[in-house]
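**Q** coordinates only, sequence not included:
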């Protein structure tokens, strides 16, 4: 099977979406099991690390800067302070 050629940024977006989906799946397994055992912790670490790798690549491809990402993170933390018990 011959796949359509996609450029590097398209690959970056596709792989990032896939990695985020894999992290989502592990998070849902944690919710279903109600506990983070050694196996799930390892899987969470793997998937979170994969997402971090993709964020690093997005920064390298000048999609956003680390400062922009940190600024957005601060905004999200503000929302979490209002709507959750996490911060």
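**A** Perfect, I can see it now. Bear in mind that the values here come from a model prediction, so they are computed numbers and not experimental data.
**Q** Residue 26 touches residue 45, doesn't it?
**A** No: checked against C-beta atoms under 8 Å, the pair residue 26 and residue 45 is beyond contact range at 9.5 Å. C-beta here means a position set from N, CA and C on the backbone, and glycine is covered the same way.
**Q** More neighbours: the two, which one.
**A** In this view residue 26 and residue 45 are compared by other C-beta atoms under 10 Å, and residue 26 has more residues nearby, 19 against 11.
**Q** buried stuff in the biggest helix by length in the chain?
**A** Across the chain, the helix with the greatest residue count (assigned by DSSP state H) is helix 8-33. Buried residues in helix 8-33, counting neighbours by 16 or more other C-beta atoms under 10 Å, are found at 12, 16, 19, 22-23, 26.
**Q** mind checking which helix or strand the residue nearest to the spatial centre of the chain is in?
**A** Nearest to the geometric centre of the chain sits residue 51, at 4.0 Å (C-alpha atoms, centre = their mean). Per DSSP states H and E: residue 51 is located in helix 38-60.
**Q** Right, I'll call it a day here.
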